[in-house]
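Asker: What would the 3D arrangement of this be:
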Amino acid sequence: MANSQTNQRQAFRDHPGVEVLIAGFGGGVGRIRAMAILRHCGSVREFDRASIRERSKIPGIGPALARQWDEKKELPFTRKE
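Answerer: Below is the predicted model:
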């Protein structure tokens with residue numbers, strides 16, 4: 001069991017989305033919070049699509065950081081409307 005958890009942590013640590021999230025927030029989110037986001041949402045795209053309320057439920061991400069994502073993100077798949 002412990003080995004399985006270690007493998008999961010390693011997979012998220014090496015996930016390319018970690019760097020995308022860190023850069024997208026422009027500060028305020030480091031590797032640990034980025035990994036928590038990916039564990040909760042599964043991908044950067046799903047995090048991006050989530051509402052501020054949904055993002056705020058992620059451990060370590062409150063309303064201010066959830067809003068900050070919308071203000072600072074610059075991702076290639078973000079819709080401009």
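
Asker: Where does the closest residue in space to I22 that isn't next to it in sequence sit: helix, strand or coil?
Answerer: Counting by Cβ to Cβ, 6 or more residues apart in numbering, I22 lies nearest to A34, which is 5.5 Å off, once chain neighbours are set aside. From N, CA and C alone the C-beta is placed, and that goes for glycine too. Look at A34: counting by DSSP: H, G, I helix; E, B strand; the rest coil, its state is helix.

Asker: unless I'm mixing things up, A34 is touching G17, no?
Answerer: Yes: in terms of Cβ atoms under 8 Å, A34 counts as a neighbour of G17; the distance is 7.3 Å.

Asker: what about the two, which has more around it?
Answerer: Neighbours were counted for A34 and for G17 using other Cβ atoms under 10 Å; A34 has more, 25 against 20.

Asker: ok, the more buried one - contacts?
Answerer: Shown here is A34, whose contacts under the criterion Cβ atoms under 8 Å, 6 or more residues apart in numbering are G17, V18, E19, L21, I22.

Asker: from what I can see the last one touches M35, true?
Answerer: It refers to I22. No: judged on Cβ under 8 Å, I22 makes no contact with M35 at a distance of 10.3 Å.
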